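**Q** this one's sequence-less:
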């Protein structure tokens, strides 16, 4: 039961989000992957992802606890 940060309901653009997953892994200093239309990062990186994605122009909604 390790914590995972998941970004989901992403627009259909696998190549872009594969690259974005690499950027987020580097930004958060963690491992992760892009699969099935979702970005998964190991650990709790909600706040880091939130600010990073908002700076890139995304509208972000947090879910879960």
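**A** Everything's here; your move. Because the structure is predicted, anything quoted here is derived from the model rather than measured.
**Q** all contacts plus neighbour counts: C-alpha atoms, from now on.
**A** Noted.
**Q** quick one, helices of the chain?
**A** 14-28, 46-55 (DSSP state H).
**Q** list the buried residues of the last one.
**A** Meaning helix 46-55. Across helix 46-55, burial judged by 16 or more other C-alpha atoms under 10 Å covers 46, 49, 52.
**Q** could you dump those into JSON lines with pLDDT and distance to residue 14 added?
**A** Shown next, in JSON lines, are the buried residues of helix 46-55 (pLDDT from 0 to 100; distance: C-alpha to C-alpha, whole Å):
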{"residue": "46", "pLDDT": "95", "distance to residue 14": "21"}
{"residue": "49", "pLDDT": "96", "distance to residue 14": "18"}
{"residue": "52", "pLDDT": "97", "distance to residue 14": "19"}
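**Q** TSV for those residues, including distance to residue 19?
**A** What follows is these, written out as TSV (distance: C-alpha to C-alpha, whole Å):
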residue	distance to residue 19
46	19
49	14
52	14
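**Q** so which of these comes closest to residue 24?
**A** residue 49 (7.1 Å; C-alpha to C-alpha).
**Q** what sits against that closest one?
**A** By C-alpha atoms under 8 Å, 6 or more residues apart in numbering, residue 49 lies in contact with 24, 28.
**Q** quickly list what residue 5 is bridged to.
**A** Taking DSSP bridges as the rule, residue 5 bridges to residue 41.
**Q** quick one: low-confidence parts of this protein?
**A** Scanning the chain for pLDDT under 70 picks out the ranges 65.
**Q** again, only this time at 90
**A** Along the chain, the parts satisfying pLDDT under 90 run over 1, 63-65.
**Q** returning to that earlier point: can you tell me which of the buried residues of helix 46-55 is nearest residue 25?
**A** Among these, and counting by C-alpha to C-alpha, the member closest to residue 25 is residue 49, at 9.7 Å.
**Q** how much space between residue 37 and residue 54?
**A** Distance, residue 37 to residue 54, using C-alpha to C-alpha, to the nearest Å: 19 Å.
**Q** equivalent analysis for residue 1, please.
**A** 29 Å.
**Q** check residue 45 too.
**A** Residue 45 is 14 Å from residue 54, by C-alpha to C-alpha.
**Q** next one: residue 42
**A** 20 Å.
**Q** got it, and residue 63?
**A** For residue 63, the distance to residue 54 - C-alpha to C-alpha - is 16 Å.
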